[in-house]
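# Generate coordinates for the sequence data below:
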Amino acid sequence: MSFASYIQAVASAINRQDGAQLRELVAAGSAAAQQAVFAARQGNPRWNPAAATSRLPEGWAEFLALHCACLAALQEGKRVEAYDKVVAALQPFLKVFREDSGAWVVAPMHSVVHNLSSVALAADAELRAAGQRPDKLGDAGDQLRKCFSVSLQAPGNKDKKLAALDIVNVSIKIYFRLNTLRLCKNLIRTVDSRQFADFDAFPASQRVTYKFYVGRLAVFDENYQEAQEALEYALAHCHRGAARNKALVLKYLVPVQLLLGRLPTPALIAAHGLHQYEPIIAAMRSGDVKLFNDTMEAQQFRFIQEGTYLLLEKLRYAVYRRLLRVVHGVHAQLEPEKRTQIPLPQFQTALALQGVPLDMDEVECVAANLIFRKYVRGYISHKNEVMVVAKADPFPPLAQASLTD
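As a prediction, this is how the structure comes out:
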């Protein structure tokens with residue numbers, strides 16, 4: 001596509017108020033835009049996008065000139081310069097967004113916010129390579145707050161608020177990358193407020209992304225019930241054919257469900273390729289502490305990379321609880337009159353048979369933690385080396401355990 005044809009296509013989309021078409025044309029990754037800018041640069045080394053876009057409506061002309069300058073800088077490998085251009089393009093676009101009464105401007109807003117994020121990432125990579133401080137992604141978060149504010153105000157048309165959730169999602173993704181998760185809280189409060197558009201009015205893809213991040217944030221806050229609800233929503237509303245997205249949601253949902261006592265079926269694990277969790281689940285089913293320890297050690301790097309290590313580590317006491325329950329069952333058959341008094345040496349022997357030798361002080365420490373964290377209802381008789389458990393429901397559901405440290 002020639003640059004003249006590209007400008008004509010943009011002008012046509014603006015005149016027809018075709019937001020979907022304009023969104024594609026102004027995306028940083030648009031093949032048509034890249035080809036048009038490349039052709040213009042090759043044809044004229046002194047090419048000036050401002051002159052070529054001057055016939056567009058006011059606001060749009062300035063925006064597109066700066067957007068094309070951004071693409072040219074990217075093609076030349078000048079990614080920091082490209083970021084400066086994409087930031088400069090934001091002001092005229094937000095002016096158009098405010099002044100146009102139609103909701104069609106919501107669609108190109110999506111490209112604008114994604115351009116900010118992607119070009120900032122590229123600019124930071126250039127800065128790192130040059131030994132400089134990468135600060136563009138953090139600045140992009142600040143620029144997105146301007147977009148969010150304008151979309152919430154929805155000047156001239158309340159449907160402009162439908163730009164807001166995508167901005168929230170891109171912002172949260174940036175905060176995850178920068179490890180500034182505290183900044184997510186205000187965004188979530190706003191989404192939950194009355195000033196925000198009805199949640200179901202947003203596209204399913206945006207709702208799924210949002211709930212995915214809300215679930216992950218709830219995990220960091222150790223609010224596992226909320227995490228489960230958010231991640232289950234994301235899974236249930238994923239597109240039927242989005243296998244990769246479903247697997248990504250399940251990567252966090254499965255450990256949360258394990259913590260709450262829900263063990264996934266082997267079919268679910270196999271269907272989504274989550275084989276890293278198979279030995280963890282097997283350890284929970286059988287109370288195999290050695291298998292759990294070996295798996296956590298062998299998969300430590302992977303679990304840390306995936307952000308699930310600390311979550312899975314909390315399952316250790318669930319595995320201890322299962323083994324203690326097995327010991328309790330055997331003891332109750334051998335000495336039914338003392339079924340509520342579990343000899344701790346028997347628990348120690350069971351651990352040793354698995355290849356987990358602990359001295360009695362360590363065994364008592366494990367038992368005390370099981371009681372403290374509400375995995376077991378009872379108390380320890382240190383003198384008699386016995387755990388005395390409740391007659392009724394000595395092993396309450398895992399969902400009732402205290403999972404906070």
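# where do the helices sit along the stretch 51-200 of the chain?
Assigned by DSSP state H, counting those that start in this stretch, the helices in the stretch 51-200 of the chain fall at 60-75, 79-99, 106-129, 136-153, 164-178, 184-191.
# Select, out of those helices, the one closest to residue 349.
The closest of the helices of the stretch 51-200 of the chain to residue 349 is helix 164-178. By Cβ to Cβ, the value is 45.6 Å. For glycine as for every other residue, the C-beta is placed from the backbone atoms N, C-alpha and C.
# Now do residue 268, the pLDDT please.
Residue 268 carries a pLDDT value of 90.
# what does residue 61 give?
93.
# Next up, the contacts around it.
Contacts for residue 61 (Cβ atoms under 8 Å, 6 or more residues apart in numbering) come out as 50, 53-55.
# could you dump the helices of the stretch 51-200 of the chain to a markdown table with distance to residue 330?
Formatted as a markdown table, the helices of the stretch 51-200 of the chain follow (distance: least, Cβ to Cβ, whole Å):
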| stretch | distance to residue 330 |
| --- | --- |
| helix 60-75 | 68 |
| helix 79-99 | 65 |
| helix 106-129 | 57 |
| helix 136-153 | 57 |
| helix 164-178 | 47 |
| helix 184-191 | 48 |
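# ok, and which of those helices has the densest surroundings?
helix 60-75 (a mean of 23; mean count of other Cβ atoms under 10 Å).
# hey, C-alpha coordinates of it in PDB?
Output of helix 60-75 as PDB, limited to C-alpha atoms (Å, rounded to 0.1, in the frame of the first residue of the first chain):
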ATOM      1  CA  TRP A  60      -6.600  13.700  13.400                       C
ATOM      2  CA  ALA A  61      -4.000  15.300  11.100                       C
ATOM      3  CA  GLU A  62      -1.700  16.000  14.000                       C
ATOM      4  CA  PHE A  63      -2.300  12.600  15.600                       C
ATOM      5  CA  LEU A  64      -1.600  10.600  12.400                       C
ATOM      6  CA  ALA A  65       1.500  12.700  11.500                       C
ATOM      7  CA  LEU A  66       3.000  11.800  14.900                       C
ATOM      8  CA  HIS A  67       1.900   8.200  14.700                       C
ATOM      9  CA  CYS A  68       3.600   7.800  11.300                       C
ATOM     10  CA  ALA A  69       6.700   9.500  12.700                       C
ATOM     11  CA  CYS A  70       6.600   6.900  15.400                       C
ATOM     12  CA  LEU A  71       6.500   4.100  12.900                       C
ATOM     13  CA  ALA A  72       9.300   5.600  10.900                       C
ATOM     14  CA  ALA A  73      11.500   5.800  14.000                       C
ATOM     15  CA  LEU A  74      10.700   2.200  14.800                       C
ATOM     16  CA  GLN A  75      11.800   1.200  11.300                       C
END
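# How far off centre is that helix?
Computed by Cα atoms, centre = their mean, to the nearest Å, the chain-centroid distance of helix 60-75 equals 31 Å.
# cool, stretch 395-405 as well?
25 Å.
# Minimum distance to residue 245: which of the helices of the stretch 51-200 of the chain has it?
Closest of those to residue 245 is helix 164-178, at 13.3 Å (criterion: Cβ to Cβ).
# what angle separates that closest one from helix 184-191?
Between helix 164-178 and helix 184-191, the angle comes out at 170 degrees (axes from the mean of the first three to the mean of the last three Cα atoms, to 10 degrees).
# other SSEs contacting helix 164-178?
Packing partners of helix 164-178 (3 or more Cβ pairs under 8 Å, 6 or more residues apart in numbering; DSSP states H and E): helix 106-129, helix 136-153, helix 184-191, helix 204-220.
# pLDDT of the longest one, averaged?
Averaging pLDDT along helix 106-129 gives 96.
# so what does that helix touch, helix or strand wise?
helix 19-25, helix 60-75, helix 79-99, helix 136-153, helix 164-178.
# Tabulate those (TSV), appending distance to residue 209.
Output for those, formatted as TSV (distance: least, Cβ to Cβ, whole Å):
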stretch	distance to residue 209
helix 19-25	17
helix 60-75	25
helix 79-99	22
helix 136-153	15
helix 164-178	5
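# Tell me which of those approaches residue 304 most closely.
Shortest distance between residue 304 and the helices and strands packed on helix 106-129, using Cβ to Cβ, is found for helix 164-178: 15.3 Å.
# most remote residue from the protein's center?
Distance from the centre of the chain peaks at residue 337, with 51.8 Å (Cα atoms, centre = their mean).
# Pull up the gap between it and residue 140, please.
Using Cβ to Cβ, to the nearest Å, residue 337 is found at 69 Å from residue 140.
# quick one on the thing from earlier: and the residue farthest from the centre of the chain, what's its pLDDT?
Looking at residue 337, its pLDDT is 89.
# Wait, a helix at it?
Yes: remark: residue 337 belongs to a helix, assigned using DSSP: H, G, I helix; E, B strand; the rest coil.
# And the helices in the stretch 301-405 of the chain, which stretches?
Counting by DSSP H, counting those that start in this stretch, the helices of the stretch 301-405 of the chain are 309-313, 316-334, 344-353, 360-372.
# I would like the residues contacting the shortest one, please.
When you say that, I think you mean helix 309-313. With Cβ under 8 Å, 6+ apart as the criterion, helix 309-313 contacts 219, 252, 255-256, 258-259, 280, 296, 300, 303.
# Who are the contact partners of residue 400?
Counting by Cβ under 8 Å, 6+ apart, the residues that residue 400 touches are residue 374.
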